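**Student:** fold the following, please.
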Amino acid sequence: MRVLLTGATGLLGGHLVKALRERDERVRALVLPAEDARSLEALGVEVVCGDITEAGALTAAVQESELVFHLAGMMGVWRPLADYHHVNVEGTRNLYKAAMEAGVRRFVHTSSHTVYGLGYGRFLTEDEPLRPDNDPYSLSKAEGDRLVRRLMLTSPMETVIIRPGTFFGPGDKLHFARMAEKLRRGRGVILGRGDNHLPFCYVDDIVQGYLLAGYHPQAPGNVYNITNDQPLTQLEMFNEIADAVGGERPRLHLPYQPIRLGAICAEKLVARMTRTRPLVTELGALMFGSDNKHSIEKARRELGYAPQVDLREGIQLAAQWFNG
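**Tutor:** Presented below is the predicted three-dimensional model:
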């Protein structure tokens, strides 16, 4: 089967590519012209240069593809909402339309757990209304989620939406490496008491969810949370990472709400004046300082999804990569 991936040069994309190649799938990756795709080519992946925001550049990518995994998106950069919308909403629209016109059989779209909003302190199901917090990433991912759900109502193309947890693992420079580096230097801090749950999942378990979304006969037409439903608390996770990388367990506790309010003010005032990312963002404060849990009962029941990697084991595996 010809399988197309966007976002293949990212952490999740790289792990998913390897899993697909292990299934002997013919994998094609759509990458930006400036991206280094040599590691993909070494795995036997066909590389096509293009940008999802340019509709005319997608024809070659979707041609003869039967399954599309759409992972590409803007995240982790300090950019205005319009830029996030251009990639995460309009780029998704372009790719979905091109795939449908090319006769792609199934389209798996990547949403995010942040579309629900953060800090509810209970297990959220797929039926929860989308109430994203006021940051460009969450707002644009929620709009992209709504867009695909509208398109799939009248599309002949099988469509699945995945709302993954925040994933980590070997090669993770966005989340794990940042946490590990601070803890190794003894600069880790805890927001609040530290007993709040963090929405993390080991990357291999996220990949398992994507494979089920791509191949399971019951998946089309559905939305699934894919994460670990036994999350660690903030304090547990930071302590585990500190021990694994030879760092110091954090002892300093900072009040959560003042930090969050300070982040909101920094975003509105300082960042707007200097056009640089503030030291702490509201999304960062919410992610690490509030309680976040997501139900995976629907994916368990309908797809047979079940996390295989205990989060503490995942931290050890990621730490081996980080320690070199």
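
**Student:** pLDDT weak spots in the stretch 151-300 of the chain?
**Tutor:** 270-275 (pLDDT under 70).

**Student:** can you give me the strands for it?
**Tutor:** Remark: strands assigned in the stretch 151-300 of the chain by DSSP state E, counting those that start in this stretch are 158-164, 166-168, 189-191, 200-202, 222-226, 252-254, 293-294.

**Student:** so which elements touch the fifth one?
**Tutor:** It stands for strand 222-226. strand 158-164, helix 203-215, helix 297-303 (3 or more Cβ pairs under 8 Å, 6 or more residues apart in numbering; DSSP states H and E). C-beta here means a position set from N, CA and C on the backbone, and glycine is covered the same way.

**Student:** number of residues surrounding the closest residue in space to E240 that isn't next to it in sequence?
**Tutor:** Nearest residue to E240, sequence neighbours excluded (Cβ to Cβ, 6 or more residues apart in numbering): I315, at 4.8 Å. I315 has 29 neighbouring residues, counting by other Cβ atoms under 10 Å.

**Student:** isn't I315 right next to E236, touching?
**Tutor:** No - with contact defined as Cβ atoms under 8 Å, I315 and E236 do not form a contacting pair (9.9 Å).

**Student:** R249: which of the helices and strands packed on strand 222-226 is closest?
**Tutor:** helix 203-215 (24.5 Å; Cβ to Cβ).

**Student:** in stretch 66-85, which residues are buried?
**Tutor:** For stretch 66-85, burial by neighbour count (16 or more other Cβ atoms under 10 Å) applies to 66-75, 79, 84-85.

**Student:** any idea which of those residues is least confident?
**Tutor:** Lowest in pLDDT among the buried residues of stretch 66-85 is R79, which has 89.

**Student:** residues contacting it?
**Tutor:** P136 (Cβ atoms under 8 Å, 6 or more residues apart in numbering).

**Student:** isn't there a strand covering it?
**Tutor:** No - counting by DSSP: H, G, I helix; E, B strand; the rest coil, R79 is not found in a strand; it is coil.

**Student:** any idea how far T281 is from it?
**Tutor:** 12 Å (Cβ to Cβ, to the nearest Å).

**Student:** please enumerate the strands of the stretch 1-150 of the chain.
**Tutor:** Under DSSP E, counting those that start in this stretch, the stretch 1-150 of the chain gives strands at 2-6, 26-31, 46-49, 67-70, 106-110, 123-124.

**Student:** any chance of the ones you listed in CSV, with distance to A99 too?
**Tutor:** Output for the strands of the stretch 1-150 of the chain, formatted as CSV (distance: least, Cβ to Cβ, whole Å):
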stretch, distance to A99
strand 2-6, 8
strand 26-31, 11
strand 46-49, 14
strand 67-70, 5
strand 106-110, 5
strand 123-124, 29
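
**Student:** between the ones you listed, which one is nearest to Y224?
**Tutor:** Per Cβ to Cβ, nearest to Y224 of these: strand 106-110, 10.0 Å.

**Student:** pLDDT on the closest one, on average?
**Tutor:** pLDDT averaged over strand 106-110 gives 98.

**Student:** for A306, which residues are in contact?
**Tutor:** R300.

**Student:** what strand or helix carries it?
**Tutor:** Using DSSP states H and E, A306 maps to neither a helix nor a strand.

**Student:** if I look at it, how far off is R122?
**Tutor:** A306 is 21 Å from R122, by Cβ to Cβ.

**Student:** the helices and strands packed on strand 222-226: which one's closest to E126?
**Tutor:** Here helix 297-303 is closest among these (Cβ to Cβ), at 5.7 Å.
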